[in-house]
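Enquirer: Provided below are the primary sequence and the corresponding predicted coordinates.
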Amino acid sequence: MRHASSCCLLPLKGITVTKNHMSTIFLAFLALNLVSQQSVCGFLAHTSQLLSPCPRHQRQGQSTPLSLPEGRTAIHHRPRHSKWALRVSELHIPGYRETKKNFLPDDIHYNGDMQPLAITHADYSSLLPFRGGHLIHKTNGALFTEEECRGMVEEAESVASRMGWTTTRHGNYPTTDIPIVELPNTLNLLRATLQSRLYPLLRHQFATYLPDPTKLRVADGFIVKYDAEGGQSELRPHRDGSVLSFNIALNDATEYEGGGTWFHSLGESVRIEKGEVVSHASGILHGGHGITSGRRYIMVCFVILEGYDTWSMRFYNDVRDL
Ligand SMILES: O=C(O)CCC(=O)C(=O)O
Ligand SMILES: [Fe+2]
């Protein structure tokens, strides 16, 4: 995996905020479908037999001590589920609507300065086989440099010191976050690296499934802060209201204990190093594993497939029991 050179950090020209009606229909479908009583009850009857209670997920911010097995990057952990586990994380509150459409670059194409990464299978590990492809992946190395990660955390903390961290943007499963539209440098970096690094990675990882990989669009992006000393230390199991989701670790894994992205289908959390990326089908049950000390910063992005809402609904339904 080759890092894009610094010339890739130029802001892209011609990014417009467009209203995508089809994706609105898709998101509305998710909201209606996933919170309906029938699907909640039917699914609960199924999952309650599979899952054992775990005190860690009883209340936000309460964690029990966690010991990591020697040399492991993942933690065995099964959370307790409630009916809320079936709801998508984005309740369509006004604050969410305002920020979620800012990454639909209908008219963006690669330009000469932004060579897309040449991704190969050796660049990532695939963790959950499903119908000829995989639904969860993690990169085997950093896609973002130390400096880039540090810059994103510093910008988020600096903006947060003026306006505070938001805690209500994602209604059902709120994260303590700052939307990337509030972070000019991070926004420029994301716009450029979506084209040169992240979309090429996702295209490669999810090639088996995507009917048109060129239509991937980030519909929401934000920087999340978990803090074991106060504030939010975990994110309960949920599904995201998009097609694909990814998160990028922005600080060293040595700066916190626990953490990682927990997946029901794996029965454990995937922990990554700074600059690495975990990507997954949005519809599978996952959460932010609690940290027991320190702070964990990640960038999270929700990705849709523009113009493929029927396919997106089918894909979501196909994977949602995983
Ligand atoms: O903390 C994580 O790794 C997962 C975050 C997440 O799932 C989300 O913000 O939707
Ligand atoms: Fe999520």
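Expert: Alright, I've got the coordinates. Numbers count the residues shown, from 1 in each chain. Ligands and ions are numbered 1, 2, ... in the order given.
Enquirer: Any residues of this protein in contact with ligand 1? List them.
Expert: Ser89, Thr175, Val224, Leu235, Asp240, Asn247, Thr261, His286, Gly288, Ile298, Val300 (Cβ under 6 Å from any ligand atom). Every residue, glycine included, has its C-beta placed from N, CA and C.
Enquirer: Any chance of a markdown table for these, columns secondary structure, pLDDT and neighbour count?
Expert: Listed next are the residues of the chain next to ligand 1 as a markdown table, based on DSSP: H, G, I helix; E, B strand; the rest coil; pLDDT from 0 to 100; neighbours: other Cβ atoms under 10 Å:
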| residue | secondary structure | pLDDT | neighbour count |
| --- | --- | --- | --- |
| Ser89 | coil | 53 | 26 |
| Thr175 | coil | 90 | 22 |
| Val224 | strand | 97 | 21 |
| Leu235 | strand | 96 | 24 |
| Asp240 | coil | 93 | 26 |
| Asn247 | strand | 98 | 21 |
| Thr261 | strand | 98 | 26 |
| His286 | strand | 97 | 28 |
| Gly288 | strand | 98 | 26 |
| Ile298 | strand | 98 | 26 |
| Val300 | strand | 97 | 23 |
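Enquirer: quick check, nearest of those residues to Asn317?
Expert: Closest to Asn317 out of the residues of the chain next to ligand 1 is Asp240 (14.5 Å), distances taken as Cβ to Cβ.
Enquirer: isn't the closest one right next to Ile284, touching?
Expert: No. In this structure Asp240 lies outside contact range of Ile284 using Cβ atoms under 8 Å: 9.2 Å.
Enquirer: which non-adjacent residue is nearest the closest residue to ligand 1 within the stretch 151-300 of the chain?
Expert: Nearest residue of the stretch 151-300 of the chain to ligand 1: Gly288, at 2.7 Å (Cβ to the nearest ligand atom). Distances taken as Cβ to Cβ, 6 or more residues apart in numbering place Leu235 nearest to Gly288, at 3.3 Å, with adjacent residues excluded.
Enquirer: All good on my end, thank you.
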